[in-house]
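Asker: Here is a sequence with its predicted model. Questions after.
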Amino acid sequence: MLYMRCSVLILLSLFCVFATHAEMIAYRDRPVGSLSNDNPASYYMNAAFDTVQNPDYFSQKGIYKRHAVVWKRISKPHDNIKKGGGYDKLFLDEFIGPRAVPNYTLHLIGAGYDFRRMSEWYEAHEVNHPYFWGTVTILAAEGGNEALESSNERDISAHDHIADLYFFDTAAKVLFANDRVAKFMVDELQLTVWNFRPMYFPKDRHIHNAGTNYICRPKSLSTEKTSPFIHMGMMPMVGVSRRLPEQFRLSIGMGPSYRNPLTSEGMLGGGFFVENHDDLMASIYFNGTEHYRMRVNLFPGIFGEYSKYTNLFIGLERNNAMAIGMDFNLPLGLMAKI
């Protein structure tokens, strides 16, 4: 039985090993901006710790030990589906109910794009079997994300892990391994990712300012200078993007900032985003996640050549404390509070 439960992931990995792709679609080397440190380690820190944006419902304490909890839940899917309320409840909650929305936007579209991008990162760096290592990287991050979510034992059952890992995350890899699907998502929907920059706070020994945000600006609905703006993540938003002189672009969005993503409890939030040559250089979120009234990230290169390797994070919390962090194009930076 254990062999059968693992066979899907093994076959998928073998499929990816022998996959051949003629062109790079999702990854490109970016010397500046939010993806200037785009690599497997940075991706892992953002994806695995994405749900730290909801500290009232998910805890980082014992995250690595909680991998065993996730494994126990997914190693006996039939038994745990029955224990969690049965297949009807699994389908209603994870496939068609309100809490299923992140499964489609983050686990299917987002994880698929990340899989393609990380696999192409390995290919660009001349690593043998890049799509195998892309699969390994994504599985590691997905495991960390599920482990963190399992800390909420009241609201998160085995249904969540089984739907994510066996269906949505697996389907994402199969879809984005296809060149036509990947090209449509990147070229026609202009799908990209705007990662945060994770910061370690020594006082509480936790990771802050981590997260992955996926952006779509459908080409068919765009004009030469203006595009609809769709921001998918723990803070979904819709708005507009406008191209400015000198290859700058400004995007503005509004949407719910979820305190509890499972029940859609939250408040109205918004964001401003500045790009230069399609690289995100600065982001400002208002009424955002992780208890921030305002979250500012100034990415490498925003102040010219002298800031090419420096990222600055500033967060104003709802209790009026201020968080300040910095990294030097590394997967993890340091922060303090004043």
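Answerer: Alright, I've got the coordinates. Keep in mind it's a predicted model, so treat the numbers as computed, not measured. Residues are numbered from 1 along each chain as shown.
Asker: alpha carbons only for contacts and neighbour counts from here, please
Answerer: OK.
Asker: who touches stretch 250-261?
Answerer: 54, 56-57, 99, 229-231, 234-244, 264-275, 287-290 (Cα atoms under 8 Å, 6 or more residues apart in numbering).
Asker: which ones are touching the closest residue to G233 other than its chain neighbours?
Answerer: Nearest residue to G233, sequence neighbours excluded (Cα to Cα, 6 or more residues apart in numbering): N213, at 4.8 Å. Counting by Cα under 8 Å, 6+ apart, N213 makes contact with 193-196, 231-234.
Asker: three-state assignment of N213?
Answerer: What DSSP: H, G, I helix; E, B strand; the rest coil gives for N213 is strand.
Asker: So what sits opposite it in the bridge?
Answerer: For N213, the beta-bridge partners under DSSP bridges are W194.
Asker: quick one: the helices in the stretch 201-338 of the chain?
Answerer: Per DSSP state H, counting those that start in this stretch, the stretch 201-338 of the chain carries no helices over any range.
Asker: how close does D56 get to Q247?
Answerer: Per Cα to Cα, to the nearest Å, D56 is found 40 Å from Q247.
Asker: would a markdown table of the contacts of N213 with distance to K83 and neighbour count be doable?
Answerer: Formatted as a markdown table, the contacts of N213 follow (distance: Cα to Cα, whole Å; neighbours: other Cα atoms under 10 Å):
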| residue | distance to K83 | neighbour count |
| --- | --- | --- |
| V193 | 36 | 21 |
| W194 | 38 | 19 |
| N195 | 36 | 21 |
| F196 | 37 | 25 |
| H231 | 35 | 24 |
| M232 | 32 | 21 |
| G233 | 30 | 21 |
| M234 | 28 | 25 |
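Asker: In the residues you listed, which has the lowest confidence score?
Answerer: Ranked by pLDDT, the contacts of N213 bottom out at M234 (90).
Asker: what's it in contact with, if anything?
Answerer: Taking Cα under 8 Å, 6+ apart, we find M234 in contact with 51, 53, 213, 257-258, 261, 289.
Asker: could you redo the last one with a cut-off of 10 Å?
Answerer: Contacts for M234 (Cα atoms under 10 Å, 6 or more residues apart in numbering) come out as 50-54, 102, 106, 211-213, 256-261, 288-290.
Asker: ok, now Q190?
Answerer: Here Q190 is in contact with 183-184, 215-219 (criterion: Cα under 10 Å, 6+ apart).
Asker: Would you mind measuring from it to G110?
Answerer: For Q190, the distance to G110 equals 13 Å [Cα to Cα].
Asker: and for these two, which residues touch both?
Answerer: The contact lists of Q190 and G110 share I215, where a contact means Cα under 10 Å, 6+ apart.
Asker: which stretches of this protein have low pLDDT?
Answerer: Within the chain, the segments meeting pLDDT under 70 span 1-22, 259-265.
Asker: mind redoing it with 50?
Answerer: Counting by pLDDT under 50, the chain contains low-confidence ranges at 1-5, 7, 17.
Asker: Convert the C-alpha atoms of stretch 304-318 to CSV, please.
Answerer: This file holds the C-alpha atoms of stretch 304-318, laid out as CSV (Å, rounded to 0.1, in the frame of the first residue of the first chain):
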residue,chain,number,x,y,z
GLY,A,304,20.9,52.3,-8.4
GLU,A,305,24.1,50.4,-8.6
TYR,A,306,24.9,50.9,-4.9
SER,A,307,21.8,49.0,-3.8
LYS,A,308,22.1,46.2,-6.2
TYR,A,309,22.6,43.5,-3.5
THR,A,310,20.5,45.1,-0.7
ASN,A,311,16.9,44.5,0.2
LEU,A,312,15.2,46.6,2.8
PHE,A,313,12.0,45.6,4.6
ILE,A,314,9.9,47.9,6.9
GLY,A,315,6.7,46.9,8.6
LEU,A,316,4.4,48.9,10.8
GLU,A,317,2.4,46.5,13.0
ARG,A,318,-1.1,47.1,14.3
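Asker: buried stuff in that stretch?
Answerer: For stretch 304-318, the buried set under the neighbour-count rule, 16 or more other Cα atoms under 10 Å, comprises 307-317.
Asker: so where's the longest helix in this protein?
Answerer: Using DSSP state H, we find that the single longest helix of the chain is helix 130-149.
Asker: Show me what counts as buried in that helix.
Answerer: Under 16+ other Cα under 10 Å, the buried positions of helix 130-149 are 130-139, 141-149.
Asker: Take the buried residues of stretch 304-318 and lay them out in JSON lines including distance to R66.
Answerer: What follows is the buried residues of stretch 304-318, written out as JSON lines (distance: Cα to Cα, whole Å):
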{"residue": "S307", "distance to R66": "38"}
{"residue": "K308", "distance to R66": "37"}
{"residue": "Y309", "distance to R66": "34"}
{"residue": "T310", "distance to R66": "33"}
{"residue": "N311", "distance to R66": "31"}
{"residue": "L312", "distance to R66": "31"}
{"residue": "F313", "distance to R66": "29"}
{"residue": "I314", "distance to R66": "30"}
{"residue": "G315", "distance to R66": "29"}
{"residue": "L316", "distance to R66": "31"}
{"residue": "E317", "distance to R66": "28"}
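Asker: Give me the residue at the spatial middle of the chain.
Answerer: Taking Cα atoms, centre = their mean, the centroid of the chain lies closest to T212, which sits 2.8 Å from it.
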